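Q: task: produce atomic coordinates for the following.
(chains A, B, C and D)
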There are 4 protein chains.
Amino acid sequence: MQYRQIIERIYDELKDYTGHGKVAGYIPALSKVNPHSFGITVATLDGEIFSAGDSGGRFTIQSISKVFTLAMVSRHMGNRLWEIVGREPSGTAFNSLIQLEQEKGIPRNPFINAGALVITDRLMTLYDDPKKDLLTFVRELSGNSGLDYDKEVALSEIEHSYRNLALANFVKSFGNIHNDPQELINTYCHQCSISMNTEELAKSFLFLASGGVIPSSGQRVCGTRSSKRLNALMLTCGLYNESGDFAYRVGLPGKSGVGGGVVAVIPGRLAIAVWSPELNSNGNSYRGIEALERFTTYLGVSVF
Amino acid sequence: MQYRQIIERIYDELKDYTGHGKVAGYIPALSKVNPHSFGITVATLDGEIFSAGDSGGRFTIQSISKVFTLAMVSRHMGNRLWEIVGREPSGTAFNSLIQLEQEKGIPRNPFINAGALVITDRLMTLYDDPKKDLLTFVRELSGNSGLDYDKEVALSEIEHSYRNLALANFVKSFGNIHNDPQELINTYCHQCSISMNTEELAKSFLFLASGGVIPSSGQRVCGTRSSKRLNALMLTCGLYNESGDFAYRVGLPGKSGVGGGVVAVIPGRLAIAVWSPELNSNGNSYRGIEALERFTTYLGVSVF
Amino acid sequence: MQYRQIIERIYDELKDYTGHGKVAGYIPALSKVNPHSFGITVATLDGEIFSAGDSGGRFTIQSISKVFTLAMVSRHMGNRLWEIVGREPSGTAFNSLIQLEQEKGIPRNPFINAGALVITDRLMTLYDDPKKDLLTFVRELSGNSGLDYDKEVALSEIEHSYRNLALANFVKSFGNIHNDPQELINTYCHQCSISMNTEELAKSFLFLASGGVIPSSGQRVCGTRSSKRLNALMLTCGLYNESGDFAYRVGLPGKSGVGGGVVAVIPGRLAIAVWSPELNSNGNSYRGIEALERFTTYLGVSVF
Amino acid sequence: MQYRQIIERIYDELKDYTGHGKVAGYIPALSKVNPHSFGITVATLDGEIFSAGDSGGRFTIQSISKVFTLAMVSRHMGNRLWEIVGREPSGTAFNSLIQLEQEKGIPRNPFINAGALVITDRLMTLYDDPKKDLLTFVRELSGNSGLDYDKEVALSEIEHSYRNLALANFVKSFGNIHNDPQELINTYCHQCSISMNTEELAKSFLFLASGGVIPSSGQRVCGTRSSKRLNALMLTCGLYNESGDFAYRVGLPGKSGVGGGVVAVIPGRLAIAVWSPELNSNGNSYRGIEALERFTTYLGVSVF
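A: Below is the predicted model:
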């Protein structure tokens, strides 16, 4: 089968492509990972799964969780969402405070940290038990009811969250955060600590390849139009200050996390997740992006 | 036929949607246009043309020309292109000098003015007679050998180019422009003054819907991969500080100009051009974008 | 006597100069003040006091307190002080986060909020009982052992400190704050709430007019050189983004607070304090500055 | 005599203080200077001159000329001057374009390059023969009718003026420059090329120590108030992004140029000029500033 051959080829080509970046080291719990871990999974709409490498190894999804919370919140808010957050690429580092000040507390998009905090703040207001409800949602998406938070990572991140606490207080000073900043950081650090492997991650993004429906269960997560729009947001804003580069090289909607995960979607076809913990200077998994570029090149498919 | 019905419906729905913006007024020659002009053309890969409204009215394509010069220069430079210009969305107004200073004369992408000037500077170095060669290229793309510069607009823009002259001198101070700044502005203002109607514009973008080949002549303009990459650049950077919004609402690679033109591409299928001169605060044709959003909505197609 | 005549003339000329700005309204406790309050006091090195208007009315000194904490901390740190804070005018609004990010947590100077927080953080580390010790210091300077914090204002500010809490967390993320951000804000809001009248304020700045000695008691607060340097800092950075204007119009080292107080020093001669709560768009008392400009004009004296 | 002893002491202490910076190298004509040149001159109001080192060596005054053009233009414009230029320290590098864009073509102060260009533009409008009139003015100030432009430096700077040409075009795009940008650069590069030694430079700044009068001739250059205000501007903005540091260390109004000259004023007493071509990272003569700091320390005098 085509997909199997392609990902095995990529795995072979890149299995020694290491040492060109650093594992996220801002908290001890993250830096303990094996930097050479490398897993790939393709999940297709018709239910096939193709994996190579450490596809069973769990890692925290970090910023990839922003797609899940956004999907949950946009379901309730619809177009009112765009009154509290923008949808333009930010053009600066993912935790920058500059644009936030110029734009009076309305973050540029939901995938920079300030924007994700605004989304999680609304999640806390809209849902009865946000941490539990988020976990339920991700379990449904992935089809694995055993998924959970990595408490050690979550607690460690909470202890090192001065920058995000600054962001939360700053946005709150503009009136665009409604919950207590410290409680918000607590929820946010938990969402970042969701622990998945590439197979679970690829499956959990299939709803964005299928117009908003979870293929395995037939459950509708969001409308077709919403699904397309989430993909548009990922394509323009999903990889921090490397989003344009990712669109250029890979040509697919995608999202990355500092845990080393990257996931991308071919609408109407499949989702693909890669895990490789070493990060480039933009905070993205350089081997993950390289693997995805080869995947679309060998497959001859992109959204363009 | 589906396309005909859709664009006629859109034309009817939006023919009175005026008065919500202003015609570009920075030069007298541009402000003389009828602000209510409104034309739409769909050009398909199999050679069909569907138009509504003023599809025969000519307008200057302005920044849309940046796609043509980029295609001509990237043909010669390949990946070396990315040493002189970036490919990230800029996150600030299209003529901003801020990021340029921070990034030492390497413009963020080829579609902000500074980036387009760098591209035109290389065009002047790479081609024997850049103004004539550009015209030849656009005539081939559109299939109309009568296309020409609007000299009145070109001369008028040259006289009011202090901002672009500042950009050119600024980039030159970093060593990233090699020709004389005033001559560069002359060439640049000419490229912006290319005068087309929506039918010619739609046809001239078909090569980006067909993997780099002009469908009517079979002539190859660039490789399939280059074609996809130009589309990726348009999607992330094509509408100035409204690119994210355009990706979200329209979901297609596109490019706009302050002359009121907007053009978009559905890879594998068609190109669509709209002309409506009134601009929103981002310098884009608000009715043009609205028409394109309805087109993808009614057609049920986007790249996502 | 010259001073008496001059301040009485200024009082008469400006007593109806109101309605051109707004009392600080970000906390209820501050906005309750009578906006037309107007007091002036000149305190000379030889012990004379000349007052006009509401010179006995108390107001919270707010940012003027930054001079007192700086004097206390610089006594212990000497030149090491300049490793944790700069001494350049900031060129942006007083609570801006932009420069702080660019300069990695080293605030531009001790009089912008971020810089003052760094100073207060060191005060907390260097002194056993910082709140009590600060009060003791200000009581000695002013010769009034009854001076105290305005607890109502302090508590109200603590409740509305999201912006300063953001600053504190942000600076802490760079490692330049050592105490708990919330405790730091508590101390900081207390220092801002010190309540004085113009007579007490003028007297408490006399040490900067006399080379570091409190004239009434002969007690040395700091060396002559330190005293001069504090004056230099006030002249270049003392009035937020209006410091250049103040130097130009008034020509003296000075410091303002959003409580409506402004104080200035003529080295070798006197200190002068004005209170008028209505603020201009830069957060400074416009009538206070106008009164000081007339004072140096009528007296024919500035440092230049 | 005190002054003689002090400057001889400083000369001895600092004569080997070299190698810690670089001579301005952006044009060949500037980089030919002997980097170890070192001259000091004190000129007093009562006509005494004290020099040490290469006080007869000529250098181009560069940005120090901004004080002369400002004096000439402010004479004609009075307070209207502040409609075209601000008077706040800039807080960023001297040729930054950032603030200029944010503040719509009104430069922060007359001593950053953009501000100086605006002033020279007005000089060209207000004076019949600006280059000749400027020379006449500087000759009167210095008492040396032989002073002249260094044509080689002027022409060399004109050829390397892309950054300043960018600034001029940028400000012109906001309507705040009225002459042709290239002609403006021509005049500006000439003013920067005025060639003086420390004795001539010190004498030419005496009018700012004497309330606006040239002591040797009794000629009034400007009013007492204007003189004080020029001093205030020099103190807050005279040394680019090192102005706060200079005020702190030296405590006098001063102005520097990339030719290695620095000049300062003790109002009511003297002017002092130092020449030492090696520059620090802020573009200021580090030995010049050190010499001035020692001068005020040994003399025990500053404006504070």
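Q: which element is residue A:135 on?
A: helix A:130-142 (DSSP states H and E).
Q: does residue A:289 touch residue A:246 like I think?
A: Yes. Taking contacts as CB atoms under 8 Å, residue A:289 lies within contact range of residue A:246: 6.3 Å. All C-beta spots, glycine's among them, are computed from the backbone N, C-alpha and C.
Q: so what's residue A:57 up against?
A: Residues in contact with residue A:57, defined by CB atoms under 8 Å, 6 or more residues apart in numbering or on different chains, are A:37, A:39, A:197, A:275.
Q: and chain D, is the lowest-mean-pLDDT helix or strand in chain A touching that?
A: Here the helix or strand of chain A ranked lowest by mean pLDDT, DSSP states H and E is helix A:98-102, holding a mean of 76. No. Using CB under 8 Å from any CB of the partner chain, we find that helix A:98-102 stays clear of chain D, coming within 9.2 Å at best.
Q: make JSON lines out of the contacts of residue A:57 and add distance to chain D, secondary structure and neighbour count.
A: Putting the contacts of residue A:57 into JSON lines (distance: CB to the nearest CB, whole Å; DSSP: H, G, I helix; E, B strand; the rest coil; neighbours: other CB atoms under 10 Å in any protein chain shown) gives the following:
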{"residue": "A:37", "distance to chain D": "42", "secondary structure": "coil", "neighbour count": "18"}
{"residue": "A:39", "distance to chain D": "44", "secondary structure": "strand", "neighbour count": "26"}
{"residue": "A:197", "distance to chain D": "46", "secondary structure": "coil", "neighbour count": "22"}
{"residue": "A:275", "distance to chain D": "40", "secondary structure": "strand", "neighbour count": "31"}
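Q: may I have the helix holding residue A:135 as CSV, with CA atoms only?
A: Extracted in CSV, the C-alpha atoms of helix A:130-142 (Å, rounded to 0.1, in the frame of the first residue of the first chain):
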residue,chain,number,x,y,z
PRO,A,130,-13.8,22.2,31.7
LYS,A,131,-10.9,19.9,32.4
LYS,A,132,-13.1,16.8,32.5
ASP,A,133,-15.2,17.9,29.4
LEU,A,134,-12.0,18.6,27.4
LEU,A,135,-10.7,15.1,28.3
THR,A,136,-14.0,13.6,27.2
PHE,A,137,-13.9,15.4,23.9
VAL,A,138,-10.3,14.3,23.1
ARG,A,139,-11.2,10.7,24.1
GLU,A,140,-14.1,10.7,21.7
LEU,A,141,-12.0,12.2,18.9
SER,A,142,-9.2,9.6,19.4
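Q: for it, which residues meet the burial criterion?
A: Neighbour counts using 16 or more other CB atoms under 10 Å in any protein chain shown place A:130-131, A:134-135, A:137-142 of helix A:130-142 among the buried residues.
Q: quick one: which of these is nearest chain B?
A: For those, the residue nearest chain B by CB to the nearest CB is residue A:141; the value is 18.2 Å.
Q: I figured the closest one hits residue A:64, correct?
A: No. Using CB under 8 Å as the test, residue A:141 is too far from residue A:64 to be in contact (11.7 Å).
Q: follow-up on the earlier one: specify which member of the contacts of residue A:57 is nearest to residue D:219.
A: residue A:275 (79.5 Å; CB to CB).
Q: residues contacting the closest residue to that closest one other than its chain neighbours?
A: Spatial nearest neighbour of residue A:275, excluding adjacent residues (CB to CB, 6 or more residues apart in numbering or on different chains): residue A:39 at 4.5 Å. Residue A:39 makes contacts with A:51-57, A:197-198, A:274-276, as judged by CB under 8 Å, 6+ apart.
Q: now tabulate the residues you listed in a markdown table and tack on secondary structure, distance to residue C:280 and pLDDT.
A: Output for those, formatted as a markdown table (DSSP: H, G, I helix; E, B strand; the rest coil; distance: CB to CB, whole Å; pLDDT from 0 to 100):
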| residue | secondary structure | distance to residue C:280 | pLDDT |
| --- | --- | --- | --- |
| A:51 | strand | 65 | 98 |
| A:52 | strand | 66 | 98 |
| A:53 | strand | 64 | 98 |
| A:54 | coil | 62 | 97 |
| A:55 | coil | 63 | 97 |
| A:56 | coil | 65 | 96 |
| A:57 | coil | 61 | 97 |
| A:197 | coil | 60 | 98 |
| A:198 | helix | 59 | 98 |
| A:274 | strand | 56 | 98 |
| A:275 | strand | 56 | 98 |
| A:276 | coil | 56 | 98 |
